[in-house]
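In: Next input, structure requested:
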Amino acid sequence: MNSALIDIGSNSMRLSVYELSNGSFRTLFREKIMAGLAGFVVKKKLTPEGIDRACDGLLRFRETLKLLEIDDVSVFATASLRNISNTDEAVGEISSRTGFSIDVISGFD
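Out: Numbering: from 1, shown residues only. Prediction:
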């Protein structure tokens, strides 16, 4: 079975595709977009332009996943969406526009 992970970071967004078999995995594909989301934070809020930038990256990844015929996708964000004051608003907007459910990683063990 093939699965994908998308990491929404402060500077880059990464798509990784894996083949899962017998309890192990093998990397099949990687793509990175330099989104620079940290540059779109003003007064601790991700700006509408930053939200657009995140959506553009995720929609690009969606097209790649469609071509690769991969439906099993997990999307997570780290400090890029955790350390802003409008996390819920930004995640809601990005999810609504892209169709991806986004898990914001707490940063705690």
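
In: What ranges in the protein fall below the confidence cut-off?
Out: Low-confidence segments of the chain (pLDDT under 70): 108-109.

In: Ser3 is in contact with Arg26, correct?
Out: No - under the criterion of C-beta atoms under 8 Å, Arg26 makes no contact with Ser3, lying 11.3 Å away. To be clear about C-beta, it is placed using only N, CA and C from the backbone, and glycine gets the same treatment.

In: The two: which is more packed in?
Out: When neighbours are counted by other C-beta atoms under 10 Å, Arg26 and Ser3 differ, and Ser3 comes out ahead with 16 against 10.

In: That one - that's part of a strand, no?
Out: Yes - assessed by DSSP: H, G, I helix; E, B strand; the rest coil, Ser3 belongs to a strand.

In: quick one on the thing from earlier: show me whatever sits in contact with both of Arg26 and Ser3.
Out: Tyr18 (C-beta atoms under 8 Å, 6 or more residues apart in numbering).

In: those helices in this protein, which residues are they?
Out: Per DSSP state H, the chain carries helices over the ranges 48-67, 79-82, 87-98.

In: Please identify the deepest-packed of those.
Out: When those are scored by mean count of other C-beta atoms under 10 Å, the highest mean neighbour count falls to helix 79-82 (a mean of 20).

In: any residues touching it, and which ones?
Out: With contact meaning C-beta under 8 Å, 6+ apart, helix 79-82 is reached by 8-10, 37-38, 46, 54, 87, 90-91, 102, 104-107.

In: swap in stretch 87-95?
Out: 46, 50-51, 54-55, 58, 77, 81, 84, 100-102, 104.

In: Before I go, just wanted to say thanks for your time.
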